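1. My questions concern the predicted model and sequence given below.
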Amino acid sequence: MLNVFSNRDVMSESLSKLLPWLTDAEVDDICCGLKQNAAKIRYLRDELKLPVGAKPNGRPVVPRWACEELLAGTPADSRKKSGPTPQGAQPNESALLAISRR
């Protein structure tokens, strides 16, 4: 007899990889042993240096890209996606005008 539940588990596992954030089960695996949501958020933010938000129910929300970069061994400094733009960064007006003239 075919076990339907195992196929459903495989499908849900592969679909979770398409989400832009980690599932609750994945967060629980990373924060093994921690029970309180605030403790999980502190661990993810302070120890692993991951960008963390909180859901309305208090559970942590972690972007999948940040966790994948951490597991790939990318340094924490290069994982920072946001920040001020450099002072010298300005739009190239001459290139914009050249394109618009075409």
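-> Nice, thanks for sending it over.

2. Would you map the helices across this structure?
-> 4-16, 24-30, 37-42, 64-72, 76-79, 93-101 (DSSP state H).

3. What is the least confident helix or strand in this structure?
-> In the chain, the helix or strand scored least confidently by mean pLDDT, DSSP states H and E is helix 4-16, which has a mean of 56.

4. count of neighbours near residue 95?
-> Taking other Cβ atoms under 10 Å as the criterion, the count of residues near residue 95 is 9. Heads up, the C-betas are built off the backbone N, CA and C, glycines and all.

5. Could you pull up the mean pLDDT of stretch 92-102?
-> Per-region confidence: stretch 92-102 scores 80 on mean pLDDT.

6. Residue 51 contacts residue 62, doesn't it?
-> Yes. Counting by Cβ atoms under 8 Å, residue 51 does reach residue 62; the two are 7.4 Å apart.

7. neighbour-wise, which of those two wins?
-> Using other Cβ under 10 Å, the more surrounded residue of residue 51 and residue 62 is residue 62, with 24 against 16.

8. Nearest spatial neighbour of the more buried one, chain-adjacent residues omitted?
-> Using Cβ to Cβ, 6 or more residues apart in numbering and skipping the chain neighbours, the partner closest in space to residue 62 is residue 22 (4.6 Å).

9. Tell me the spacing between the one you found and residue 31.
-> Residue 22 sits 10 Å away from residue 31, taking Cβ to Cβ, to the nearest Å as the criterion.

10. Kindly report the same for residue 49.
-> The value you get for residue 49 to residue 31, if Cβ to Cβ is used, is 14 Å.

11. the more surrounded of these two?
-> residue 31 (21 against 15).

12. May I have the phi/psi pair for the more buried one?
-> phi -100, psi 40 (degrees, to the nearest 10).

13. Identify the residues contacting it.
-> 39-40, 43-44, 60 (Cβ atoms under 8 Å, 6 or more residues apart in numbering).

14. and if we set it to 7 Å?
-> 40, 43-44 (Cβ atoms under 7 Å, 6 or more residues apart in numbering).

15. And for residue 44?
-> 31, 50, 52, 60, 62.

16. just curious, which of the residues you listed is nearest to residue 70?
-> Proximity of these to residue 70 was ranked by Cβ to Cβ; the top entry is residue 50 with 6.5 Å.
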